[in-house]
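Visitor: Sequence unavailable; structure follows:
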């Protein structure tokens, strides 16, 4: 039975001049998973991807792939094909020749090349387009050619560096679904770099959130979105409302908090807290309800400043009676219109308590 851990990064560091780009990265990735490296520009995600591929040499730490330490191996010996943002297709070569390039470099027999290229093209639904050139294809088709060129190598890991960023919104959504389907059908291990939160949430088995060269959180999309470990993660992933709070006491899996101007609530928590510890409450717009039922532990009042129609929901911007602005999503579009004075609140299990480290995205 193959070991589950396919990629093991141990205390990986990378420095460019005076810039410490990767800081003590420790990460294990299981076989057959879709992993996304997520973060803003300059956070280290692409540097780590290129360090895994072998385009950069790490200054400290170890990179293990499939049980082998590969620090000293060049890219072509690591078995980690990479799909770039620009696709990096050869314009003078046909689709077939582009996909076959890596096999030709390995001097594989012609019959094997034919079989593996045709299989890879079938996997990305490009059968019949073997003799076309890149300029004769759409952006989505070019992206699939680049993916086929990676698939044909039968490698343990495929690395994708923002491969959808050059596509328009509709095509990006279509290719996103195709990529995820291919990964699941073939049981591939994929590491995908993006700054797009929606891509990360919709495609991934696990997300690695980067912040200034460090990993802030590694978890499932649901964990990252609803149970962020830091204010930075909560702020970077989607839209949320913050309000400062102080822990009064903890009773098992519940914490008594004071927020706003002396308001109190008893909230669920998975963490351990101490009395008087500073914290921040994170509440997603969809977790807040307008005119909530009696008994909600978290309740506020305010005045609707403006609203925005977003298709399946109406987004309200509300100024509370303490001068703070809130974002609240209502899904009863067309049934109720809220204006003027309103109450809003959230259930205890919809409010997440985070240590107040002051670091925001």
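Guide: Now that the structure is in, tell me what you want to look at. What you see is a predicted model; the values in this text were computed from it and never measured.
Visitor: Mind telling me what element the residue positioned nearest the centre of the chain is part of?
Guide: In the chain, the centroid-proximal residue (C-alpha atoms, centre = their mean) is residue 200; its distance is 3.1 Å. Residue 200 belongs to helix 197-203 when elements are defined using DSSP states H and E.
Visitor: Residues in contact with the helix or strand following that helix: which ones?
Guide: Under the assignment DSSP H and E, the closest C-terminal helix or strand after helix 197-203 is strand 206-211. Outside strand 206-211, the residues that touch it by C-beta atoms under 8 Å, 6 or more residues apart in numbering are 27, 29, 33-39, 43-45, 48, 200-201, 215-221, 224, 230, 232-233, 236-237, 359. Using the backbone N, CA and C atoms, a C-beta is placed for each residue, glycine as well.
Visitor: What residues sit buried inside strand 206-211?
Guide: By 16 or more other C-beta atoms under 10 Å, the buried positions in strand 206-211 come out as 206, 207, 208, 209, 210, 211.
Visitor: next one: stretch 225-241
Guide: Neighbour-count burial for stretch 225-241, counted by 16+ other C-beta under 10 Å, picks out 225-238, 240-241.
Visitor: can you check stretch 147-157 too?
Guide: Taking 16+ other C-beta under 10 Å as the criterion, stretch 147-157 shows 147, 148, 149, 150, 151, 152, 153, 155, 156, 157 as buried.
Visitor: which two from those residues end up farthest apart in space?
Guide: 148 and 156 (17.3 Å; C-beta to C-beta).
Visitor: Tell me how far the lengthiest helix in the chain lies from the chain's centre.
Guide: Assignment by DSSP state H gives helix 169-186 as the longest helix of the chain. Centroid separation for helix 169-186 versus its chain: 15 Å, with C-alpha atoms, centre = their mean, to the nearest Å.
Visitor: Mind giving me the packing neighbours of it?
Guide: strand 34-38, helix 110-123, helix 139-151, helix 197-203 (3 or more C-beta pairs under 8 Å, 6 or more residues apart in numbering; DSSP states H and E).
Visitor: Of those, flag the one that's most buried.
Guide: Among those, ranked by average contacts under mean count of other C-beta atoms under 10 Å, first place goes to strand 34-38 (a mean of 25).
Visitor: that older thread, where is pLDDT lowest across the buried residues of stretch 225-241?
Guide: Ranked by pLDDT, those bottom out at residue 238, which has 89.
Visitor: Helix, strand, or coil at residue 51?
Guide: Three-state assignment for residue 51 (DSSP: H, G, I helix; E, B strand; the rest coil): helix.
Visitor: just the helices in the stretch 201-350 of the chain please.
Guide: Taking DSSP state H, counting those that start in this stretch as the criterion, the stretch 201-350 of the chain contains helices spanning 221-226, 231-236.
Visitor: How about residues contacting the last one?
Guide: In other words, helix 231-236. By C-beta under 8 Å, 6+ apart, helix 231-236 touches 38-40, 197, 209, 211, 216-217, 224, 228, 240, 242, 280, 282, 352, 354-361.
Visitor: Filter those down to the buried ones.
Guide: Buried members of those, scored by 16+ other C-beta under 10 Å, are 38-39, 197, 209, 211, 216-217, 224, 228, 240, 242, 280, 282, 352, 354, 356, 361.
Visitor: returning to that earlier point: mean pLDDT lowest for which of the helices and strands packed on helix 169-186?
Guide: Among the helices and strands packed on helix 169-186, helix 139-151 carries the lowest mean pLDDT (a mean of 87).
Visitor: which strands and helices sit next to that one?
Guide: strand 82-83, helix 95-105, helix 110-123, strand 158-161, helix 169-186.
Visitor: which residues does the nearest residue to residue 296 once chain neighbours are set aside contact?
Guide: Nearest non-adjacent residue to residue 296, counting by C-beta to C-beta, 6 or more residues apart in numbering: residue 345, 4.0 Å away. When contacts are counted by C-beta under 8 Å, 6+ apart, residue 345 touches 288, 289, 292, 296, 298, 299, 300.
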